[in-house]
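**Q** Model the following, please.
(one chain, ligands or ions: 1)
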Amino acid sequence: MFTIHAVDGYIETIYLAVYHDKVLLIDSGCRSDVPRIEQAMKRRLNRPMSQISLAVASHTHPDHAGGAHLLRERHAIPVAAPKDINRWYAGFTGGLQHKIDTMLGYFVAWTLKYPFEMICYNKRLAYDHPLNDGDRLPGFEDWQVIATPGHTSHDVVLYHAETKTLYAADVILKVGTGYRPPFPVSMKKEMRESIGKLRNLDVKLLLMAHGGAEKITDFPAIIDAMLTEIDKGYPPGLQRFRKLEGFSPVIKKYYRQKRKEKKAS
Ligand SMILES: [Fe+2]
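**A** Below is the predicted model of the structure:
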């Protein structure tokens, strides 16, 4: 079995699932988090970086995929990512969205009063293992991939049934004492369905990219709180950022389809 070690990243938490002979990196963090991961492996775990035999990028945002590029380049760590990850930032408007999302990453760091770190990264991720809903992670078959579109079209979370552990990536966030959906919720209907899909999981340990690790006793109550928050919409502070999302060609196509369906009905 494994032990979980949390690494405080620049604007998110990264998790190392440490087995006796290998390590699974649960989400790749920002580009600037790579030295933090290296330090944790060397000083805290006394293991070589070569023991990380897989790094997962749950979705394309800078605090989840940014580190994957450098980990692959510098340490030849194989990367697993959702199969459609590169569609989100494709083309000119996708490139624009990539720049906006990177700037939003800087904005989050600035509001939290964190010192500047370089988090710019290539919008196109070279990865070794495409992930589909229901897949088992290569080399870590005890972890199941669950597709959870909504935040982006391709987000995934990871579930370890034996230990009842869920890595919720950017699907469940904890802000203060409350559980919240991410910003943005690009596809509301899909987000609700994704959250609903998680309800049936038996979860006792919740690993959040934003909110840390938490032992929980009532996962369905968290799911209900999340659904309520999604229905409430964005809090006033986030409303003004809405216009900064929606440039991805995937989401443009999604909205076009929605408009067509509305017209037809
Ligand atoms: Fe995200």
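
**Q** secondary structure class for the residue in the stretch 151-265 of the chain positioned nearest to the ion?
**A** Closest contact between the stretch 151-265 of the chain and the ion, by Cβ to the ion, is at Asp170 (3.8 Å). (C-beta placed from N, C-alpha, C; glycine too.) Of the three states, Asp170 takes coil under DSSP: H, G, I helix; E, B strand; the rest coil.

**Q** residues near it, how many?
**A** 24 (other Cβ atoms under 10 Å).

**Q** Grab the nearest non-local neighbour of it.
**A** Nearest non-adjacent residue to Asp170, counting by Cβ to Cβ, 6 or more residues apart in numbering: Pro182, 4.3 Å away.

**Q** same question, Leu25
**A** Excluding the flanking residues, the one nearest Leu25 by Cβ to Cβ, 6+ apart is Ala55, at 4.0 Å.

**Q** got the phi/psi numbers for the residue of the stretch 1-150 of the chain found nearest the ion?
**A** Going by Cβ to the ion, the ion is nearest to His61 of the stretch 1-150 of the chain, at 3.6 Å. Backbone dihedrals for His61, given as degrees, to the nearest 10, come out at phi -70, psi 160.

**Q** Wait, it touches Gly105, no?
**A** Yes. Counting by Cβ atoms under 8 Å, Gly105 is a contact partner of His61 at 7.5 Å.

**Q** Compare these two (neighbour count), which wins?
**A** Neighbour totals were compared for His61 and Gly105, and His61 leads with 26 against 22 (other Cβ under 10 Å).

**Q** Counting neighbours, which bits of stretch 17-33 end up buried?
**A** Judged by neighbour count (16 or more other Cβ atoms under 10 Å), stretch 17-33 contains these buried residues: 17-18, 22-33.

**Q** So of those residues, which two are at opposite extremes in space?
**A** Farthest-apart pair in those is Lys22 and Ser32; separation 25.1 Å (Cβ to Cβ).

**Q** The stretch 151-265 of the chain: strands as residue ranges?
**A** Taking DSSP state E, counting those that start in this stretch as the criterion, the stretch 151-265 of the chain contains strands spanning 156-160, 165-167, 173-175, 178-180, 205-208, 212-215.

**Q** Mind putting these into JSON lines with distance to the ion, mean neighbour count and mean pLDDT?
**A** Putting the strands of the stretch 151-265 of the chain into JSON lines (distance: least, Cβ to the ion, whole Å; neighbours: other Cβ atoms under 10 Å; pLDDT from 0 to 100) gives the following:
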{"stretch": "strand 156-160", "distance to the ion": "12", "mean neighbour count": "23", "mean pLDDT": "98"}
{"stretch": "strand 165-167", "distance to the ion": "14", "mean neighbour count": "25", "mean pLDDT": "98"}
{"stretch": "strand 173-175", "distance to the ion": "9", "mean neighbour count": "16", "mean pLDDT": "94"}
{"stretch": "strand 178-180", "distance to the ion": "13", "mean neighbour count": "18", "mean pLDDT": "93"}
{"stretch": "strand 205-208", "distance to the ion": "12", "mean neighbour count": "21", "mean pLDDT": "98"}
{"stretch": "strand 212-215", "distance to the ion": "16", "mean neighbour count": "12", "mean pLDDT": "97"}
